[in-house]
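A.B. asks: Give the three-dimensional model of this entry:
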Amino acid sequence: MNATEVVAYVGLGSNLDDPSRQVRVALEELNRLPRTRVLRHSALYRSAPLGPPDQPDFVNAVAMLDTQLDAHALLDGLQLIEQRHGRVREVRWGPRTLDLDLLLFADRQIDSVRLQVPHPQLHKRAFVLVPLHEIAADLELPGLGPLAELLAGVSRAGLQRIEGTVDV
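C.D. replies: Numbering: from 1, shown residues only. Presented below is the predicted three-dimensional model:
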């Protein structure tokens with residue numbers, strides 16, 4: 001790995017317009033970001049929505065990327081993918097065609113107007129921690145501790161692995 005390459009983790013989620021397809025296509029698109037490649041990704045998981053209850057369940061996954069982009073350039077790329085999928089930001093935690101969250105960027109902690117890394121709610125969400133653990137079980141989260149310990153502290157109620165979803 002070159003000095004400018006870092007490993008980043010991206011959370012993917014969708015609950016509109018064939019969510020499994022949205023996440024699968026987004027995984028392919030992550031691999032086409034400049035100077036970025038997907039090293040591995042989790043299976044897909046179904047989870048209940050956090051926001052308004054009158055919306056469909058989400059399909060979630062996590063991808064591990066090798067990237068030479070800086071964190072803000074990677075965020076820009078993620079937001080462009082969301083836009084191509086018709087993402088509209090109207091209701092916080094509302095339904096969406098695609099949500100891409102930069103969860104971790106190497107071992108860095110970032111707190112800017114546009115970006116917080118590690119993602120501020122990451123340690124509370126089984127739909128992020130379970131797929132993250134699937135692809136990086138020994139991960140240490142900057143400022144939060146070992147992934148395995150964080151995972152032990154969250155309920156997995158309502159989270160279901162969608163079988164046959166590993167290959168994209």
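A.B. asks: what about the closest residue in space to His119 that isn't next to it in sequence, how many neighbours?
C.D. replies: Ranked by C-beta to C-beta, 6 or more residues apart in numbering and with sequence neighbours excluded, the top spatial neighbour of His119 is Leu103, at 4.7 Å. In short, each C-beta sits where N, CA and C put it, glycine included. Look at Leu103: counted by other C-beta atoms under 10 Å, it has 22 neighbours.
A.B. asks: Correct me if wrong, but Leu103 is in a strand.
C.D. replies: Yes. Under DSSP: H, G, I helix; E, B strand; the rest coil, Leu103 sits within a strand.
A.B. asks: I'd like to know how far it sits from Arg37.
C.D. replies: 17 Å (C-beta to C-beta, to the nearest Å).
A.B. asks: Ok, Leu69 next?
C.D. replies: Distance of Leu69 to Arg37, computed by C-beta to C-beta: 11 Å.
A.B. asks: Likewise for Thr4?
C.D. replies: Separation of Thr4 from Arg37 (C-beta to C-beta): 14 Å.
A.B. asks: Those two - which one has more neighbours?
C.D. replies: Taking neighbours as other C-beta under 10 Å, Thr4 and Arg37 compare with Arg37 leading, 14 against 10.
A.B. asks: can you list contacts of whichever strand or helix holds that one?
C.D. replies: Per DSSP states H and E: Arg37 is located in strand 36-41. Here strand 36-41 makes contact (C-beta atoms under 8 Å, 6 or more residues apart in numbering) with 7, 27, 30-31, 61-69, 74, 77, 135, 168.
A.B. asks: cool, and stretch 102-111?
C.D. replies: Outside stretch 102-111, the residues that touch it by C-beta under 8 Å, 6+ apart are 6-11, 62, 71, 74-75, 78, 115-119, 122, 128, 132, 139-143.
A.B. asks: Mind doing that once more with 7 Å?
C.D. replies: 6-11, 71, 74-75, 78, 115-119, 122, 128, 141-143 (C-beta atoms under 7 Å, 6 or more residues apart in numbering).
A.B. asks: So for it, what gets flagged as buried?
C.D. replies: By neighbour count, with 16 or more other C-beta atoms under 10 Å as the criterion, the buried positions of stretch 102-111 are 102-105, 110.
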